[in-house]
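[1] What follows is a predicted protein model with its sequence.
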Protein chains: 2
Amino acid sequence: MPPGTTVLEAARALGVDIDSICGGRGICGRCQVEVSSGTFAGLDTDESHLSPIGSTEESYADRKDLAAPRRLSCAATVLGDVAIEVPAMSRVHKQVVRKEARVEALQVDPAVRLHYLELSDPALGSPIGDRERLLAALQAEWGLWPLSLDPHVLRELHSAITDGEGTVTVAVHDEAQVTAVWPGFHEDAYGVAFDVGSTTVAGHLADLSTGEILASAGTMNPQIRFGEDLMSRVSYVMMNPGGESELTTAIRGALDDLIGELCADAGVETSDVLEITVVGNPIMHHLVLGIDPTPLGTAPFTLATTESIRLPAVELDLAVNAGARVFVLPCIAGHVGADTAACILAEGPHGGERVQLLVDVGTNAEIVLGNSHRLLAASSPTGPAFEGAQISSGQRAAPGAIERARIDPVTLEARVKVIGSDLWSDQAGFAESISATGITGICGSGIIEAVVELYLAGALSAAGVIQSRPGNERIITDGRTFAYLLMDEPRLLVTQNDVRAIQLAKAALRAGVQLLMDRLAVTQVDDIRLAGAFGSQIDVQYAMTLGLIPDCDLGSVRSAGNAAGVGALMALLSVEERAEVERVVRTVEKVETAIEERFQEHFVEAMAIPHTSDEYPNLRRVVTLPATPDPNRSGPPRRRRSGASRKNP
Amino acid sequence: MPPGTTVLEAARALGVDIDSICGGRGICGRCQVEVSSGTFAGLDTDESHLSPIGSTEESYADRKDLAAPRRLSCAATVLGDVAIEVPAMSRVHKQVVRKEARVEALQVDPAVRLHYLELSDPALGSPIGDRERLLAALQAEWGLWPLSLDPHVLRELHSAITDGEGTVTVAVHDEAQVTAVWPGFHEDAYGVAFDVGSTTVAGHLADLSTGEILASAGTMNPQIRFGEDLMSRVSYVMMNPGGESELTTAIRGALDDLIGELCADAGVETSDVLEITVVGNPIMHHLVLGIDPTPLGTAPFTLATTESIRLPAVELDLAVNAGARVFVLPCIAGHVGADTAACILAEGPHGGERVQLLVDVGTNAEIVLGNSHRLLAASSPTGPAFEGAQISSGQRAAPGAIERARIDPVTLEARVKVIGSDLWSDQAGFAESISATGITGICGSGIIEAVVELYLAGALSAAGVIQSRPGNERIITDGRTFAYLLMDEPRLLVTQNDVRAIQLAKAALRAGVQLLMDRLAVTQVDDIRLAGAFGSQIDVQYAMTLGLIPDCDLGSVRSAGNAAGVGALMALLSVEERAEVERVVRTVEKVETAIEERFQEHFVEAMAIPHTSDEYPNLRRVVTLPATPDPNRSGPPRRRRSGASRKNP
């Protein structure tokens, strides 16, 4: 290295990845390194082998943080042998360890990068356009060539150069397109990841340089006024030609409002939002994009596209930076959407040898099964029972809804937990703890627990028939069928129809899972991930007792929480993750349950509770153990009095 | 060739260029060929060596024109040796001979092509998106891969496929982007070429498949309400920050209205307009694009870009096909715009050895000089005198304006021609012929002819001083200077200031030309082209007598008429012409007159009339000849009584 070589130059010459916005001018501070002391590879190294801290670093330290032993690699020059450590934050491609996200490390290598430039002066008589001066600097300083400019950048360029006194910062997407320009030095670049659900829309605002999540927020999907569930919205469009534009306007407005809310929360400018990712089920995917979803309502359920989509944010009427880009993750099939693709990205079933079952339960259950060798996906028409719909006392999972139930096998008296309170209904202070809402109904996990408890109490046959129990006033009858009186005030019943609805839903899910297991030729799965809101609420043991999921070591079953949102976030922060999800989705084998004969067979078989008695060795082992407190369970430990014997009648 | 090979297949296998939209399905008729009879290269050829006319061709002939000996090459199969002629219209890359345009042959190979496709049926259980079915067909049938889709195409695709019962036609731009989709077969594709002048805007509507001009129209530039000339519009923007958006809205509205008018004239749908080209001076160029033009108002006169621009038509708020694209020709320098680039494309100074001088006179004169080896360009600040501004009786070239003047050298009585009439003022019926407007003033060519005539009549010195002529009442005085009374009713004068204004303007132009000739190291030019409205009006001999242009064989001097419009049309119809203008503009050497010392010297020298007496051997030869009628002149032949002697005083 010639004398005066900076650490940054030396590192780049050696192919070491160090970040920079300002191109080595001591402005951005992205290129910070640390000097190691001691002997490495037989060479002595010491901070004295770097030039002393000079004016550039002093000036930077005055403005921002530069604590010893950190140095600016663009300012410090190499005087002798020196071992340099590049902190993760100083790398262009970095991994950021995050506790709050489900994935342990988020890849940060966003599609957009900022570049600070000092432009040559225009000279009279050697005319060169502003655009050409910009592109020449981008080529000379950053090796970026050829590049195109967004039309709005061309419009803003001259005043940015003038206001920045010859210096500008530009955003470059995909190393191909100049999408934004600011006067002088600019380092703020944010992104928003959206998970667009039929009921709720969630957004996460992240710093594109650090990967840090700055704010998260959710809102109701305003399309609900056009229909509670997906199919009623498709019907709305079918009945009102052009109605998709109303639905599109509604959802885009919600996204735009969320962006405003997220930016206000985090104290950042919406004009600094440069990247957006969107995931959602196929119908939400189409409606956000303004595509008529009615083809998804009838066979053969044709998607507009099975590939990812990149488009300018202005196409979605989002008031962010005029050059912001949207990446919409790919849908997999007509009923298996970009949300499932995002779940795959987040949970990575394709990443190893273990066979993973990934289930996202909603109106349809999206089911993914496989490993690195082969990945299958299907959608199973569970109906909305798991969401509390079509249940006599059912409701959506919201404050006031019963989410857990324990039924005394002798008296059939129930104690419950209600969303919004941490207490069980037989604990002191319960009534006060729910005074804001009261008890308003039963949500999906509550009805499942009630059904399982009734079964374990012998009040429900394996075939799903509520049993008469003379003398017990919790079992009532309308003359034709029996019902279980879960609660007197308010009066909440579990009717025979409710049990049938749950049986149908669980049979549909279970049959879909079984179909994929047949296809993959496996008789058991190694891991189970339950994604989505329902997947977070459901108690795994109850799900297994009901036969909702196949047998699995309970330690390998867990909620995947907001896996779709995490996948959207991963794609927001990383072009590698985008390539990954695009690649994986192309390899996924789609199984259409509607045309598989075996599906009907599995469906009929799966109606019973439990599915079959020998299928759950793991569950049998758990429930025959003495009842010990389970620290992973949110409720108090449950006392089973005769669990094992009742379980295998 | 195996039996059953169609002529189209055989031709393509041999690399012969035959057009098609429908991909060989006998629908579009673009692939028509003719069979030659006789012996070619030792082989007998005859129409009997093709399959007889079958149902496909009969069906086509029923719908459209297919006169013998034309055959559809996609239907006719080869039975023996056969010589086939491919008419120009059946070629993908064709030349269309056009009489009305200045160029003899227009290249037709537009940036957009139409492709008719029959898509595979979607099948339940093998999900593939509409987009993917489309792209698969485009790859299989047309070898186009990879392609992107405009977002609006994704939105329209499913209903197009449904309405077309599985068939669609798509527009593909630059073999890269699917920009439009129609159900079934669609063959209409039009383009509009715009020449955006400061005063008027001209548009030409062309059929992109044939190159035929279907309609032409012009309109006033509505920006005139913000300022008559360019600089006053720039001043408006400087005084009213953000004012460029008003100017932009105004001009885009005019373009949009013109498109509507052109399409209505030709009876075509605006939604079938897929291509637009725009040329204009740098300020019009910027304002159409919505770019602040104020940097062009002050040194160093920085352009936003010196490259061509491609952008969607929606970016310019034009109500054409949602996928239409705009190609804006490149500007050359801060004062030398895309209109000059278009003139270069149309007149082709770079196409040969002859040194061509191409001049476009407006408020500034754009000057291009050179040949295939070297091309120079400059702008010279002529001021608006040639446009009739800053002249006491001056006006724009419009009906009622005096455009020609002949002055009797003895009496100094004038006879004139007025725009709107073919008669001279001393011919019978003149007064009636101009009754609609009367005589309203003198336009640029009129004042030039008047000045030259005064000079030839001895009433003006070579230095430009109006001479006293006692006893002649056409020469009047205000006491300090003299003036020429061109007309009594209305009273129209040629004042000493008017002569000075013309002298300054012509000196600026001539000095610019001389500067470029110095640079190119030539003392004479081989061809002169006078572009623009002024170039069409000006009489070449008067221009030369005034010293406006250098000496040249008069047969090699001609008006280039609407060269800018022709250049815009050429770029509209041909990607090769686009590449050509981009390539040439990059090679043009820009000369900035303002910083060239020699410019001031040339300017002073060029003030006199004529420039110098020995510089015009061609002119001297012409004016010493007996006056013979010149069929190329619009006015009656002129009798010179003592031209030669007066010319060299």
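    Cool, the structure landed. Numbers count the residues shown, from 1 in each chain, chains lettered A, B, ... in the order given.
[2] How much space separates the most centrally placed residue in chain A from chain B?
    By Cα atoms, centre = their mean, chain A has its centre lying nearest to residue A:565, at 1.8 Å. Computed as Cβ to the nearest Cβ, to the nearest Å, the residue A:565 to chain B distance reads 24 Å. Any C-beta I mention is one placed from the backbone N, CA and C, and that applies to glycine too.
[3] now swap in residue A:321 and tell me
    For residue A:321 relative to chain B (Cβ to the nearest Cβ), the value is 17 Å.
[4] give me the element the closest residue to the residue nearest to the centre of chain A other than its chain neighbours is part of.
    Excluding the flanking residues, the one nearest residue A:565 by Cβ to Cβ, 6 or more residues apart in numbering or on different chains is residue A:195, at 4.1 Å. Element membership of residue A:195, judged by DSSP states H and E, is strand A:190-196.
[5] Would you mind listing the buried residues in the very next helix or strand once past that strand?
    The helix or strand immediately downstream of strand A:190-196 is strand A:200-207, counting by DSSP H and E. Neighbour counts over strand A:200-207 (16 or more other Cβ atoms under 10 Å in any protein chain shown) mark A:201-207 as buried.
[6] Quick check: end-to-end length of stretch A:311-323?
    10 Å (Cα to Cα, to the nearest Å).
[7] and if you look at stretch A:20-39?
    Stretch A:20-39 end-to-end distance (Cα to Cα) = 29 Å.
[8] Which pLDDT value belongs to residue A:63?
    Looking at residue A:63, its pLDDT stands at 86.
[9] how many other residues sit next to it?
    Neighbourhood size, residue A:63 [other Cβ atoms under 10 Å in any protein chain shown]: 9.
[10] just residue A:128 next, same as before
    The local packing of residue A:128 (other Cβ under 10 Å) involves 18 other residues.
[11] Equivalent analysis for residue A:436, please.
    When counting by other Cβ under 10 Å, one arrives at 10 neighbours for residue A:436.
[12] I figured it hits residue A:420, correct?
    Yes - if you go by Cβ atoms under 8 Å, residue A:436 and residue A:420 touch, sitting 6.9 Å apart.
[13] Overlap in contacts, the two.
    residue A:399 (Cβ atoms under 8 Å, 6 or more residues apart in numbering or on different chains).
[14] Show me where the stretch 351-500 of chain A has its strands.
    Per DSSP state E, counting those that start in this stretch, the stretch 351-500 of chain A carries strands over the ranges A:356-361, A:365-370, A:375-380, A:401-407, A:414-418, A:441-442, A:475-477, A:482-487, A:492-495.
[15] wait, which of these is closest to chain B?
    strand A:375-380 (10.1 Å; Cβ to the nearest Cβ).
[16] Just checking: what are the partner strands of the closest one?
    strand A:365-370 (antiparallel), strand A:589-591 (parallel) (DSSP bridges).
[17] Please tell me how far the longest one is from the chain's geometric centre.
    Relative to its chain's centre, strand A:365-370 lies at 16 Å (Cα atoms, centre = their mean, to the nearest Å).
[18] Show residues contacting that strand.
    So strand A:365-370 is contacted by A:335-337, A:339-340, A:343-344, A:349-350, A:355-360, A:375-380, A:382, A:508-509, A:512-513, A:516-517, A:520, A:522, A:525, A:588 (Cβ under 8 Å, 6+ apart).
[19] what about 7 Å?
    Residues from elsewhere that reach strand A:365-370 (Cβ atoms under 7 Å, 6 or more residues apart in numbering or on different chains): A:336, A:340, A:344, A:349, A:355, A:357-360, A:375-380, A:382, A:509, A:512-513, A:516-517, A:520.
[20] Now the nearest residue to residue A:475 once chain neighbours are set aside. Its backbone dihedrals?
    Nearest residue to residue A:475, sequence neighbours excluded (Cβ to Cβ, 6+ apart): residue A:469, at 4.6 Å. The phi and psi values for residue A:469, taken as degrees, to the nearest 10, are phi -140, psi 90.
[21] how near is residue A:469 to residue A:412?
    In this view, residue A:469 and residue A:412 are 7 Å apart by Cβ to Cβ, to the nearest Å.
[22] Looking at those two, which one has more neighbours?
    Comparing residue A:469 with residue A:412 by other Cβ under 10 Å, the one with more neighbours is residue A:412, at 20 against 15.
[23] what's near enough to touch that one?
    A:457, A:459, A:472, A:474-475.
[24] These, buried ones only, as a PyMOL selection?
    With 16+ other Cβ under 10 Å as the burial test, the buried ones among these are selected in PyMOL as follows:
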select buried, chain A and resi 457+459+474+475
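[25] Just to check, residue A:446 is in contact with residue A:403?
    Yes - counting by Cβ atoms under 7 Å, residue A:446 touches residue A:403, with 5.0 Å between them.
[26] Of these two, which one has the most company?
    Remark: of residue A:446 and residue A:403, residue A:446 carries more neighbours, 29 against 24, as counted by other Cβ under 10 Å.
[27] Tell me which residues touch the more buried one, please.
    Counting by Cβ under 7 Å, 6+ apart, the residues that residue A:446 touches are A:401-405.
[28] Dump those residues into CSV; add distance to chain B as well.
    Listed next are these as CSV, based on distance: Cβ to the nearest Cβ, whole Å:
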residue, distance to chain B
A:401, 36
A:402, 39
A:403, 36
A:404, 38
A:405, 39
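[29] Closest one of those residues to residue B:575?
    residue A:401 (63.4 Å; Cβ to Cβ).
[30] Would you confirm that that closest one contacts residue A:438?
    No - Residue A:401 is not in contact with residue A:438 according to Cβ under 7 Å; the separation is 10.8 Å.
[31] neighbour-wise, which of the two wins?
    Each of residue A:401 and residue A:438 has its neighbours counted (other Cβ under 10 Å); residue A:401 has more, 27 against 13.
[32] How about that one, nearest residue that isn't a chain neighbour?
    residue A:443 (3.9 Å).
[33] What's the separation between that neighbour and residue A:202?
    Relative to residue A:202, residue A:443 is positioned 18 Å away (Cβ to Cβ).
[34] just residue A:599 next, same as before
    Residue A:599 is 32 Å from residue A:202, by Cβ to Cβ.
[35] who in chain A is up against chain B?
    Contacts of chain A with chain B, taken as Cβ under 7 Å from any Cβ of the partner chain, map to A:122-125, A:127-132, A:151, A:154-155, A:157-159, A:289-292, A:295, A:299-300, A:302-307, A:311, A:315, A:333-334, A:590, A:592, A:595.
[36] From the residues you listed, list just the buried residues.
    Buried, going by 16+ other Cβ under 10 Å: A:122, A:127-131, A:151, A:154-155, A:157-159, A:289-292, A:295, A:300, A:302-307, A:311, A:315, A:333-334, A:590, A:592, out of those.
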